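Q: Provide a 3D model corresponding to the input given below.
(one chain, ligands or ions: 2)
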Amino acid sequence: MQIALLGYGTIGHGVVKIIESQATKQLRRLHVSQIWVRPEKVDQNPLFTADYQEILANDKIDTIIEVLGGLDPAYAMINDALEHHKNVVTANKAVVARHLTEFTTLARQNHVKFYFESSVGGGIPWIINLERALRIDQIDSIHGIFNGTSNFILDEMMETGAPFDVVLAEAQRRGYAEADPSADLDGDDIENKLCISASLAYDTEIKPNDNLLKFGIRNITAADVSFFKKHHWVVKLIGRSFRRDNRYNFVIEPTLYAPGEIEAGVHQNYNYVGLRGTTIGKLSFNGQGAGELPTAHALIQDLLDLELHMEHLNRNFQQELELDNNSKLLDYVIRSEQDVASLLPDYEVKKEEHDYWIVKQISAEAAHELIQQLEQTEKPLLAAISQQRS
Ligand SMILES: NC(=O)C1=CN([C@@H]2O[C@H](COP(=O)(O)OP(=O)(O)OC[C@H]3O[C@@H](n4cnc5c(N)ncnc54)[C@H](OP(=O)(O)O)[C@@H]3O)[C@@H](O)[C@H]2O)C=CC1
Ligand SMILES: N[C@@H](CC=O)C(=O)O
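A: Numbers count the residues shown, from 1 in each chain. Ligands and ions are numbered 1, 2, ... in the order given. Reported below is the predicted structural model:
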């Protein structure tokens, strides 16, 4: 298989390293023919080119790997590749989450494949197993730790007490973080991954949008971490969605676990992602959710599926579902300088030490609405308390 690579950053390097290692007979079937880079870098390597038309016109290249990140120029380049009858493999969840239906349709029309295993869960074989489960089951729930950078930050803060900025810089140095790490900190990266997963699971089109509830880790302070530790909680940034009939919920928020719960034991850049299916029940996966080689590994698995003509599941994304973040109730910890009890007169609210409040049995929608209100004057915190514990 002759491949062209778009982008030669962390993941691009990982792909080339693994392919060049020629470590297995399967890897020896893959050849990187050209790498698309910025014009000023073209002289650095004989494989480099800044001419995409040359790649598209090269009939020997049957597959394009897109690891540029972002929407522009990735969106247009993926479109062009599919229209030129080339398979596309990408790790770019931002572009997949927004254009999954379009790329899938275009690939089908042009008799090529569009694969994106590495876009969710880094090295974890998540998409392929989600698709395998869907060959038999209806999947009604997706849940997990979908972001390596935020897990690394929270884990280091909990384990070593290191300050947020120092740990973020280390995550960036290790190649876990996005080019703009806000996506990791504010939950946008998880939103992309949960949109992709839920769209596949429910055979519907869920794109990132303002109605999906999202609260990241930016406001978590060392004092919050001490408070959680005192209460024997471990904090994780969780993405979760479940479907009942034609309704689904979709929430991204810090969540508190007791030390014995599986999520609490997920350390460093690891992800833990799971589903619930009609016959398989609960099924989950644990592995490195970010980083050069694990992500490149997942991406190369897609290449080998292409090379070995292993078909992935075809979805039409035509189910019509309604978003409903009101039906499931959880207990939440809220940190605010304001009198939360008086702001939530219809709920049982208990004041803990300092500015911490426990709100009992509130929906994600109502909890996030309160946080948005509080955010106008302070940097509050919201964390759900895992149901297993409450
Ligand atoms: N890092 C990780 O752990 C994971 C990353 N991903 C995804 O993989 C993709 C790549 O990530 P990663 O390798 O970490 O990102 P990097 O920022 O390390 O690499 C991106 C590369 O693309 C190049 N690039 C971007 N825009 C252009 C452009 N307009 N023209 C030419 N070159 C361009 C960059 O060049 P330059 O440096 O000159 O801007 C850089 O070399 C992203 O979509 C990311 O979300 C998915 C899973 C895990
Ligand atoms: N920035 C992302 C990279 C992988 O998807 C993360 O930290 O999970």
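
Q: close to ligand 1: what parts of the stretch 101-250 of the chain are there?
A: By the rule Cβ under 6 Å from any ligand atom, the part of the stretch 101-250 of the chain lying against ligand 1 is 118, 122, 175-176, 178-179. For the C-beta atoms, the positions are set from N, CA and C on the backbone; glycine is no exception.

Q: can you tell me which of those are buried?
A: Among these, the ones that count as buried by 16 or more other Cβ atoms under 10 Å are 118, 122, 175-176, 178.

Q: restrict those residues to those near ligand 2?
A: Checking those against ligand 2 by Cβ under 6 Å from any ligand atom, the ones in range are 122, 176, 178.

Q: and Leu237, what helix or strand is that in?
A: strand 234-244 (DSSP states H and E).

Q: on that earlier part again, of all the ones next to ligand 2 among the buried ones among the residues of the stretch 101-250 of the chain next to ligand 1, which comes closest to Asn314?
A: Gly122 (24.6 Å; Cβ to Cβ).

Q: torsion angles phi and psi at the closest one?
A: With angles defined as degrees, to the nearest 10, Gly122 sits at phi 50, psi -120.

Q: for it, which non-adjacent residue is closest in space?
A: Gly289 (4.0 Å; Cβ to Cβ, 6 or more residues apart in numbering).

Q: of all residues in the stretch 151-300 of the chain, which one is closest to ligand 1?
A: Proximity of the stretch 151-300 of the chain to ligand 1 (Cβ to the nearest ligand atom) peaks at Ala290, 3.5 Å away.

Q: residue contacts, that residue?
A: Counting by Cβ atoms under 8 Å, 6 or more residues apart in numbering, Ala290 makes contact with 122, 147-149, 152, 175-177, 269, 271.

Q: give me the neighbour count for the residue nearest to Gly122.
A: As a burial measure, Gly289 scores 31 neighbours (other Cβ atoms under 10 Å).

Q: what's the pLDDT at it?
A: Predicted confidence (pLDDT) for Gly289: 96.

Q: distance of it from Gly14?
A: As judged by Cβ to Cβ, to the nearest Å, Gly289 and Gly14 stand 14 Å apart.

Q: give me the contact list for stretch 35-49.
A: For stretch 35-49, using Cβ under 8 Å, 6+ apart, the contacting residues are 4-8, 12, 16, 32-34, 50, 52, 55.

Q: want to throw these into TSV with secondary structure and distance to ligand 2?
A: Listed next are these as TSV, based on DSSP: H, G, I helix; E, B strand; the rest coil; distance: Cβ to the nearest ligand atom, whole Å:
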residue	secondary structure	distance to ligand 2
Ala4	strand	22
Leu5	strand	18
Leu6	strand	17
Gly7	coil	14
Tyr8	coil	17
Gly12	helix	14
Val16	helix	18
Val32	strand	22
Ser33	strand	26
Gln34	strand	25
Ala50	coil	26
Tyr52	helix	25
Ile55	helix	25
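
Q: now, of those residues, which are buried?
A: The neighbour-count test (16+ other Cβ under 10 Å) marks 4-8, 12, 16, 32-34, 52, 55 as buried among those.

Q: nearest to Ile78, of those?
A: The closest of those to Ile78 turns out to be Leu6 (Cβ to Cβ; 8.7 Å).

Q: who's in contact with that closest one?
A: By Cβ under 8 Å, 6+ apart, Leu6 lies in contact with 36, 52, 64-68, 74, 77.

Q: can you say which helix or strand has the most centrally placed residue in the chain in it?
A: For the chain, Lys193 is the residue whose C-alpha lies nearest the centre (Cα atoms, centre = their mean; 3.3 Å). Per DSSP H and E: Lys193 is located in helix 188-202.

Q: average pLDDT for stretch 104-119?
A: 98.

Q: pLDDT value on Pro208, please?
A: Looking at Pro208, its pLDDT stands at 98.

Q: what residues does the stretch 251-390 of the chain put near ligand 1?
A: 290-291, 295.

Q: ok so, going back, how near is the residue nearest to Gly122 to Leu134?
A: As for Gly289, its distance to Leu134 is 22 Å (criterion: Cβ to Cβ).

Q: do the same with Gly260
A: As for Gly260, its distance to Leu134 is 31 Å (criterion: Cβ to Cβ).

Q: just the ones of the contacts of Ala290 in strands?
A: Here DSSP state E is the test, and the contacts of Ala290 give Asn271 as lying in strands.

Q: list the contacts of Thr90.
A: Contact partners of Thr90, counting by Cβ under 8 Å, 6+ apart, are 65-67, 74, 78, 96, 114-116, 118-119.

Q: for these, which one is nearest ligand 1?
A: Within those, the smallest distance to ligand 1 is 4.2 Å, found for Val67 (Cβ to the nearest ligand atom).

Q: okay, now that closest one: neighbour count?
A: 24.

Q: swap in the one 5 residues further on?
A: Other residues lying near Asp72 total 9 when counted by other Cβ under 10 Å.

Q: surely Lys193 and Ala91 touch.
A: No. Here Lys193 does not reach Ala91: they are 11.3 Å apart, not a contact under Cβ atoms under 8 Å.

Q: shared neighbours, the two?
A: Common neighbours of Lys193 and Ala91 (Cβ under 8 Å, 6+ apart) are Ser119.

Q: for stretch 13-30, which positions count as buried?
A: Within stretch 13-30, the residues scored as buried using 16+ other Cβ under 10 Å are 13-16, 18-19, 30.

Q: could you do stretch 305-325 as well?
A: Residues of stretch 305-325 classed as buried by neighbour count (16+ other Cβ under 10 Å): 305-307, 312, 315, 317, 321, 323-325.
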